[in-house]
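Undergrad: sequence and predicted structure are below.
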Amino acid sequence: VNYAPFTLLPSTVPRALFEQAYAVQQDFNLLVDAISQNKEFLEHTLASTVKVDDFTARLFRIHVQVLEEGLAQSVFLGINRSDYMFDCGVDGTPALKQIEINTIAASFGGLTSRTAAVHGQVLKVLGKSEEVSRLLPNNPASGLASGIAKAWELYGSPSAVVMFLVEEIQRNIFDQRCIENELWNRNIRVIRRRFRDVFEKGSLDGARRLYMDGQEVAVVYYREGYVPKNYDQQNWEPRLLLERSRAVKCPDIATQLAGTKKVQQELSRPGTLERLLPGRPEAVARIRATFAGLYSLDMGEEGDKIAAMAIADPERFVLKPQREGGGNNLYGEELRQVLEKIRDSPERTSYILMDKIKPQPAPNYLLRAHSPLRVSECISELGIFGVYIRQGKEMVMNEAAGHLLRTKATEHADGGVAAGVAVLDTPFLV
Ligand code: ADP
Ligand code: MG
């Protein structure tokens, strides 16, 4: 057991951008939910990707299969985290730019519910009590649990349980326990199971109610299932079983697909947001203001042009495959080499290109078990948790549920706390 890594000091965050990120979260919730219900959009957007990316293809096949059978699920729970960096424009004014939105297993809401207290303590020791009073309260653990609890209630079977679907080896268990304990405090039973357990002991009854070890499951909260290594052949079967069930999946497979990087890239095309959110021009404007440049590498002239541009100037871009969890993106010289190799092959369509965001670094200490202590030049990534519930066609909950600030040394191009790069932080608004 190690402590979760954290910064010694809170990092400054421009207040206006922090507020902007909160203000757009309900719009993003609506958008993700709209995409998840739009079969044609998902099909069209992922068409080129599923041809070359086996993982996305398998997820997509389950999506199609459950739609063909007809959904048994009528309550939909989304828990997402929209991540941003503060891009320094040419004049030095920082702007809020979205890195990505995570629609499955968005983590660290539990642990980060405690980081403000840690930083409050550090500031007190340093004699900075005025600054302590300016740290914001933040409790995503409670916010996320409220969503799960509400979905459980709407499912309508008081004896049913919430099932956390977890990895074989779970390094981040304490983050999950924070949310789990919030549910126990609301008198909701929680069980923790792996795909393998579902394979061995999961079943559906005639009404496609999900049972595990004889207990009915109201909500399945995935903290696994978002990367290929989570699935051996045996795990695809239980995934399909869960998706076919009546239980509230957080997220259902369509919502997971809505969080792919290919979808993110398509959203930036002129007119797409307007089509997905008709009659909501203000939401569209708030969302679009957070977009960085995103580019398709689909075969054809548009893709050829952008591939050539990135090869000529790789420092301007990030090359992203359809993967989650950190450590998958390509930058700089490596980006150039890979893109050069695949530029004329359909393989390039499994990636998207994105403008590289360049935040202003600031010094901090990154505290990590068994690592020497030294000051680093750091940049931060702000995440806002979103929680929403739809019952049939009606939104019955739509909220921003707290934030996460992760900070890393500038020598790392990629990020992620679980990936061992970023550490937990607390925003100090300026
Ligand atoms: P993942 O699904 O692996 O988390 P992300 O899109 O969040 O993928 O990228 C991982 C990390 O790479 C981010 O946390 C961030 O540090 C860095 N990164 C991603 N996109 C950009 C970008 N456009 N500009 C600068 N850094 C980026
Ligand atoms: Mg990320």
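TA: Noted; the coordinates are in hand. Remember, predicted model here, so these are calculated numbers, not experimental data. Ligands and ions are numbered 1, 2, ... in the order given.

Undergrad: mind listing what's buried along the helix or strand harbouring Leu59?
TA: Using DSSP states H and E, Leu59 sits in helix 54-69. Residues Phe55, Thr56, Arg58, Leu59, Phe60, Ile62, His63, Val66 are the ones in helix 54-69 that count as buried (16 or more other CB atoms under 10 Å). C-beta coordinates here come from the backbone N, C-alpha and C atoms, glycine included.

Undergrad: quick check: the farthest pair among those?
TA: Phe55 and Val66 (17.5 Å; CB to CB).

Undergrad: go ahead and confirm Val421 touches Glu411.
TA: No. Contact criterion CB atoms under 8 Å: Val421 and Glu411 do not qualify, at 9.8 Å.

Undergrad: more neighbours: which of the two?
TA: Neighbour count, other CB atoms under 10 Å: between Val421 and Glu411, Val421 has more, with 19 against 8.

Undergrad: low pLDDT regions in the chain?
TA: Counting by pLDDT under 70, the chain contains no low-confidence residues.

Undergrad: for the most centrally placed residue in it, give the beta-bridge partners.
TA: In the chain, the centroid-proximal residue (CA atoms, centre = their mean) is Asn102; its distance is 1.5 Å. Beta-bridge pairing for Asn102 (DSSP bridges): Arg81.

Undergrad: shouldn't Phe76 be in contact with Arg390?
TA: Yes. Phe76 is within contact range of Arg390, at 4.4 Å (criterion: CB under 8 Å).

Undergrad: return the residues in contact with the residue nearest to the centre of the chain.
TA: Asn102 is in contact with Asn80, Arg81, Ser82, Asp83, Gly259, Glu324, Gly383, counting by CB atoms under 8 Å, 6 or more residues apart in numbering.

Undergrad: for those, which one is nearest Lys356?
TA: Using CB to CB, these come closest to Lys356 at Asp83, 14.8 Å.

Undergrad: that's a helix at Tyr226, yeah?
TA: No. Counting by DSSP: H, G, I helix; E, B strand; the rest coil, Tyr226 falls outside a helix, being coil.

Undergrad: how about the residues of the stretch 151-300 of the chain by ligand 1?
TA: Within the stretch 151-300 of the chain, the positions lying close to ligand 1 (CB under 6 Å from any ligand atom) are Ala292.

Undergrad: go again using 8 Å as the cut-off
TA: Counting by CB under 8 Å from any ligand atom, the stretch 151-300 of the chain comes close to ligand 1 at Lys261, Ala292.

Undergrad: again, but for the stretch 1-150 of the chain
TA: So far as CB under 8 Å from any ligand atom goes, the stretch 1-150 of the chain lies against ligand 1 at Asp83, Met85, Lys97, Ile99, Glu100, Asn102.

Undergrad: how about the second one, nearest residue that isn't a chain neighbour?
TA: When you say that, I think you mean Met85. Ile357 (4.4 Å; CB to CB, 6 or more residues apart in numbering).
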